[in-house]
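Undergrad: Output the structure for:
(2 chains)
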Protein chains: 2
Amino acid sequence: MPLPQSRALDRSAFLLAARGEPGPHTPVWFMRQAGRALPEYRAIRQGITMLESCMRPDLVVEITLQPVRRYGVDAAVFYADIVLPLKSAGFDIEIKPGVGPVVADPIRDAAGLAAVRPVTPADVPYTTDSVKQLVSELDGTPLIGFAGAPFTVASYLVEGGPSKDFAKTKALMYSDPDLWHALADRLADVAIAYLSVQVEAGASAIQLFDSWAGGLSPRDYERFVLPHSAKVFESMASYGVPRVHFGVNTGELLGLMSGAGADVVGVDWRVPLDEAVRRITAAGAGPKPVQGNLDPALLFAPWEAVEPEIDRILAEGKAAPGHIFNLGHGVPPNADPEVLTRIVEYVHAKSARVPA
Amino acid sequence: MPLPQSRALDRSAFLLAARGEPGPHTPVWFMRQAGRALPEYRAIRQGITMLESCMRPDLVVEITLQPVRRYGVDAAVFYADIVLPLKSAGFDIEIKPGVGPVVADPIRDAAGLAAVRPVTPADVPYTTDSVKQLVSELDGTPLIGFAGAPFTVASYLVEGGPSKDFAKTKALMYSDPDLWHALADRLADVAIAYLSVQVEAGASAIQLFDSWAGGLSPRDYERFVLPHSAKVFESMASYGVPRVHFGVNTGELLGLMSGAGADVVGVDWRVPLDEAVRRITAAGAGPKPVQGNLDPALLFAPWEAVEPEIDRILAEGKAAPGHIFNLGHGVPPNADPEVLTRIVEYVHAKSARVPA
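TA: Here you go, the predicted model:
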């Protein structure tokens, strides 16, 4: 059931665009906006591990708010990691700096699967506390909750860490589809539980990150991944909050990912937004709002090169009923925060609607 | 001017398919077929560095022939590395095992550019010698020569090594387009010189690897990369040998890469071959032969899962005037050679044309 929210929040640029309604300007946020590009983030994280910081509401609140203050973005994104709920439910996983999630005992059989236990609100009290406090402090600015999609999370659990080719994950799909589907189904439940905690505590939207789904052929995605992501979206439908879906390299999957139940489809920099809208529409559910898609590499280019790219993206985004401006992937750790601020200002100025 | 070749070679399954003519069966070869997956390769490389081995005709010939003997593939691919011609012309580059090409002084300015010198046949005498000997030993089996495309080679020179996001390379394109184009133009000349050496010594086809072009948006590819790859293809046109072009993650670029002058377009596993043919055709030059596109991860799946994938790829490949079966990327080092042999046998059996 939709939760009550303030009128200011309800009419915020982000939520209007996510619902495909006209708003005051094209909203902007950045994936990984809360993170290493910010000196104030690096300062607060001194001597504290990533997962530790995600379990401390004082840090989560501060880190989530830092980019909102600094950049003037139209949405906050909850500071967490896609493996946090698993870790919180007792699964042995760490985040190794400079590497990513690392699993001591990768899942290769039914015994390994048993280590993936359901997540309950009691496992993540810090998430509930942090979201509640954030919603109160953010006032009219929406908070986006997020979770890792079953495939992307499973890839870490099966490979044991980050992978280039997902060979072990794909081999599991083919060699033991029952085990694969059982694992992905459990991870769908983990995502549902974790997203529900965030929405019930007041998050205004959710994003399901299937960051690495683009490594799959459309056929494998459809058989092995789509049903599980669709379960997540379907379970979240009753909350009535916009559901965003994103992965890099997903040009061939945009129609399928839209069909999984996303209200807003995130697009990386490879596919122009108008082409993305065509693919989403061709897949059958009509045009949908899109999110994206400035190449993060542009953050290292001279500003004169950035403006025409933003202009192009804003123009291409008009093909969709709603456009949320974002990068085509996360903010690189060595990005200059000044450039991100300038992008927000430029997008706002260029897209401002003059009241009739 | 086309070079004379034997009738057996001219009517080989590979060259017929590459020209879009019907042949006895769908030809098969594997990118990186000469390499670490073969125990006989690992044995011969003991104590010899990669680049050293590429400069010894005895090793080049043996390593190039190993997969032809072992797998019964329809083409040999010259054993070399895309950085070999640069190294041979005195550029300071190494291949670090487990990492890839590493450059001590990455190119960031005009002074760096000066280190990229033209390549002449005298720089690569071992290439001429190896190709000549191979052509004689291979008899009716075509030898594919290859080179790295300007963007992919430039990415190593600018980043200093392998990269995930090509941030420095893209930043150079945007911040100093003159320097970028000068660098890419020199690397086009390097590719032309190196491919010409191979074709003049008897190679029957060439493949230009733009392995990492898929990291670029179509717009960046068109402005910064296409003109240089087109120069390579145009310069090679007069030899009359089929020119193959390939990169991973290039679903959005297939039309542009075809338009650069490829006779055969390589496709990774993300885009079904019939869809690839549609994109190539839509780009304007009519349908072309395609090459691909089994997901290399399938090599680790049970055989029962491999057959239906091959069947699907053979069926989708019928949309093209010619289909060369291959993986969608290189052979993984830990692949089982038995599986590759079985794939060759299966493709040959399934695609054999019964004489009328």
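
Undergrad: got a list of what the closest residue to chain B within the stretch 1-150 of chain A touches?
TA: As assessed by C-beta to the nearest C-beta, chain B sits closest to A:G100 within the stretch 1-150 of chain A, at 11.7 Å. No exception for glycine: its C-beta is placed from N, CA and C like everyone else's. Neighbouring residues of A:G100 by C-beta atoms under 8 Å, 6 or more residues apart in numbering or on different chains: A:Y156, A:G161, A:P162.

Undergrad: Who is the nearest residue to the second one once chain neighbours are set aside paired with across the strands?
TA: In space, A:G161 comes closest to A:V102 once its chain neighbours are excluded; the distance is 4.6 Å by C-beta to C-beta, 6 or more residues apart in numbering or on different chains. For A:V102, the residues forming beta bridges with it (DSSP bridges) are A:E94.

Undergrad: where does the residue nearest to A:D336 when sequence neighbours are not counted fall, phi/psi-wise?
TA: Take A:D336 and drop its neighbours on the chain: the residue closest to it by C-beta to C-beta, 6+ apart is A:L299, 6.8 Å away. Dihedral pair for A:L299: phi -60, psi -20, per degrees, to the nearest 10.

Undergrad: any idea how far A:I313 is from A:L299?
TA: Per C-beta to C-beta, to the nearest Å, A:L299 is found 14 Å from A:I313.

Undergrad: again, but for A:Y239
TA: In terms of C-beta to C-beta, A:Y239 sits 30 Å off from A:I313.

Undergrad: now swap in A:W212 and tell me
TA: From A:W212 to A:I313 the distance is 24 Å (C-beta to C-beta).

Undergrad: wait, is A:A154 part of a strand?
TA: No: assessed with DSSP: H, G, I helix; E, B strand; the rest coil, A:A154 is helix; it does not lie in a strand.

Undergrad: how about it, what does it touch?
TA: Per C-beta under 8 Å, 6+ apart, neighbours of A:A154: A:I107, A:T169, A:W180, A:L183, A:A184, A:L187.

Undergrad: For chain A, give me the ranges with low pLDDT.
TA: Across chain A, the ranges flagged by pLDDT under 70 are A:1-4, A:355-356.

Undergrad: Recalculate using a threshold of 80.
TA: Residue ranges of chain A with pLDDT under 80: A:1-5, A:354-356.

Undergrad: residues from it in reach of chain B?
TA: A:165-168, A:170-171, A:173-175, A:214, A:216-220, A:249, A:251-252, A:269-272, A:295-298, A:300-302, A:305, A:312, A:329, A:332 (C-beta under 8 Å from any C-beta of the partner chain).

Undergrad: Now, of those, which are buried?
TA: A:166-168, A:170-171, A:173-174, A:214, A:216-218, A:220, A:249, A:251-252, A:269-272, A:295-298, A:300-301, A:305, A:329, A:332 (16 or more other C-beta atoms under 10 Å in any protein chain shown).

Undergrad: neighbour count winner among A:Y239 and A:I313?
TA: A:I313 (24 against 19; other C-beta atoms under 10 Å in any protein chain shown).

Undergrad: isn't that one right up against A:D274?
TA: No: counting by C-beta atoms under 8 Å, A:D274 is not a contact partner of A:I313; they are 10.0 Å apart.

Undergrad: For the stretch 251-356 of chain A, which segments count as strands?
TA: Secondary structure of the stretch 251-356 of chain A (DSSP state E, counting those that start in this stretch): strands at A:264-266, A:290-294, A:323-327.

Undergrad: any chance of those strands in a markdown table, plus mean neighbour count and distance to B:G23?
TA: Output for the strands of the stretch 251-356 of chain A, formatted as a markdown table (neighbours: other C-beta atoms under 10 Å in any protein chain shown; distance: least, C-beta to C-beta, whole Å):
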| stretch | mean neighbour count | distance to B:G23 |
| --- | --- | --- |
| strand A:264-266 | 26 | 42 |
| strand A:290-294 | 27 | 42 |
| strand A:323-327 | 28 | 47 |
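
Undergrad: wait, which of those strands is closest to B:R19?
TA: The closest of those to B:R19 is strand A:290-294. By C-beta to C-beta, the value is 38.9 Å.

Undergrad: quick one: secondary structure of A:F14?
TA: Once three-state DSSP is applied, A:F14 turns out helix.

Undergrad: Now for it: which residues touch it?
TA: The neighbours of A:F14, taking C-beta under 8 Å, 6+ apart as the test, are A:P27, A:W29, A:D74, A:A75, A:P142, A:S204, A:A205, A:I324.

Undergrad: on that earlier part again, ok, now which ones touch the residue nearest to A:G161?
TA: A:I93, A:E94, A:I95, A:K96, A:G160, A:G161.

Undergrad: From those, keep the buried residues only.
TA: A:I93, A:E94, A:I95, A:G160, A:G161.

Undergrad: Pull the contacting residues for the last one.
TA: The neighbourhood of A:G161, defined by C-beta under 8 Å, 6+ apart, consists of A:K96, A:V99, A:G100, A:P101, A:V102, A:V103.

Undergrad: Quick check: phi and psi at the closest residue to A:G251 other than its chain neighbours.
TA: With C-beta to C-beta, 6+ apart as the criterion, A:G251 has its nearest non-adjacent residue at 4.5 Å, and that residue is A:V271. Dihedral angles of A:V271 (phi, psi; degrees, to the nearest 10) stand at phi -110, psi 120.

Undergrad: Now do the helices in the stretch 201-350 of chain A.
TA: Secondary structure of the stretch 201-350 of chain A (DSSP state H, counting those that start in this stretch): helices located at A:218-220, A:226-236, A:254-259, A:273-280, A:303-317, A:337-351.

Undergrad: Would you mind giving these as CSV with distance to B:S229 added?
TA: Output for the helices of the stretch 201-350 of chain A, formatted as CSV (distance: least, C-beta to C-beta, whole Å):
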stretch, distance to B:S229
helix A:218-220, 27
helix A:226-236, 35
helix A:254-259, 27
helix A:273-280, 22
helix A:303-317, 22
helix A:337-351, 30
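
Undergrad: closest one to B:M257 among those helices?
TA: helix A:273-280 (16.7 Å).

Undergrad: for that closest one, packing partners?
TA: helix A:254-259, strand A:290-294, helix A:303-317 (3 or more C-beta pairs under 8 Å, 6 or more residues apart in numbering or on different chains; DSSP states H and E).

Undergrad: what residues does that helix touch?
TA: Here helix A:273-280 has contacts from A:251, A:254-255, A:258, A:265, A:267, A:271, A:287-288, A:290, A:292-293, A:313, A:316-320, A:323, using C-beta under 8 Å, 6+ apart.

Undergrad: mind redoing it with 7 Å?
TA: A:254-255, A:258, A:265, A:267, A:287-288, A:290, A:292-293, A:313, A:316-317, A:319-320, A:323 (C-beta atoms under 7 Å, 6 or more residues apart in numbering or on different chains).

Undergrad: returning to what we had before: closest one to B:Q198 among the helices of the stretch 201-350 of chain A?
TA: Nearest to B:Q198 among these is helix A:218-220; the distance by C-beta to C-beta comes to 35.9 Å.

Undergrad: Not counting its own residues, what contacts the closest one?
TA: Residues contacting helix A:218-220 (C-beta under 7 Å, 6+ apart): A:K170, A:M173, A:E252, A:L253, A:L256.

Undergrad: and of the residues you listed, the nearest to chain B?
TA: A:K170 (3.8 Å).

Undergrad: so who does the closest one touch?
TA: Going by C-beta under 7 Å, 6+ apart, A:K170 touches A:D220, B:D295, B:A297, B:A301.

Undergrad: Surely it is in a strand?
TA: No: with three-state DSSP as the criterion, A:K170 is located in helix rather than a strand.

Undergrad: for A:S130, what are its contacts?
TA: Residues in contact with A:S130 (C-beta under 7 Å, 6+ apart) are A:P57, A:V60, A:V61.

Undergrad: cool, and A:L183?
TA: A:I107, A:L113, A:V116, A:A154.

Undergrad: distance of the second one from B:A297?
TA: To B:A297, A:L113 is 21 Å away according to C-beta to C-beta.

Undergrad: ditto for the first one
TA: For A:I107, the distance to B:A297 under the criterion C-beta to C-beta works out to 17 Å.
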